[in-house]
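Trainee: Have a look; sequence and predicted model below, questions after that.
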Amino acid sequence: MSNVELICEKSFSGVDNQIIDRFVEFQHALIDKDEDKLNKLILDDYELVHMSGKTQSKDEFIGEVMDGTLNYYKSEISEPTILWDDEENASLIADVTLTAKVYGINGKWTLNTVASFVKIDGEWYFGKWDN
């Protein structure tokens, strides 16, 4: 069983599927603490908005993943939907349940996720994660 699970009744194709795949790839990189992959997938002006309202830049976020402040163990992505702004900007909307140890607290949290993606030179990149 994978540590990233897509729970979904519908199927995706084309560009929608590319965005779903990119989000799954990002979740794997978080769990695996793959710094190179995270740097590749996330735009430099990335912003993470935590449930508490705290915001983090790309460097702050990746730094806390790598130093063990943020530890992700499992991700369940439930019923994602892709919304389009235009051909190069889209958002993935889903409930994402993370099993994690965050700032020293073990738990399982369901995040009402809005993940923004931008297409640059034919590739999709993660621009913002709003929980």
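Mentor: It's in. Numbers count the residues shown, from 1 in each chain.

Trainee: which residues of this structure score low on pLDDT?
Mentor: Filtered on pLDDT under 70, the chain yields the residue ranges 1.

Trainee: just so I have it, where are all the strands in it?
Mentor: 4-7, 42-49, 55-57, 70-86, 89-102, 105-120, 123-130 (DSSP state E).

Trainee: Of all the ones you listed, which one is nearest Asp32?
Mentor: Nearest to Asp32 among the strands of the chain is strand 70-86 (9.1 Å), distances taken as C-beta to C-beta. Using the backbone N, CA and C atoms, a C-beta is placed for each residue, glycine as well.

Trainee: quick one: the closest one to strand 89-102, angle?
Mentor: Using axes from the mean of the first three to the mean of the last three C-alpha atoms, to 10 degrees, the direction of strand 70-86 lies 170 degrees away from that of strand 89-102.

Trainee: Residues touching strand 70-86, excluding its own?
Mentor: 3-10, 12, 16, 19-20, 23-24, 27, 30-31, 61, 64-65, 90-103 (C-beta atoms under 8 Å, 6 or more residues apart in numbering).

Trainee: before we move on, back to that, may I see the strands of the chain arranged in TSV, with distance to Asp36 and mean neighbour count as well?
Mentor: TSV is the format used below for the strands of the chain (distance: least, C-beta to C-beta, whole Å; neighbours: other C-beta atoms under 10 Å):
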stretch	distance to Asp36	mean neighbour count
strand 4-7	18	16
strand 42-49	11	16
strand 55-57	18	15
strand 70-86	17	16
strand 89-102	21	18
strand 105-120	18	15
strand 123-130	15	18
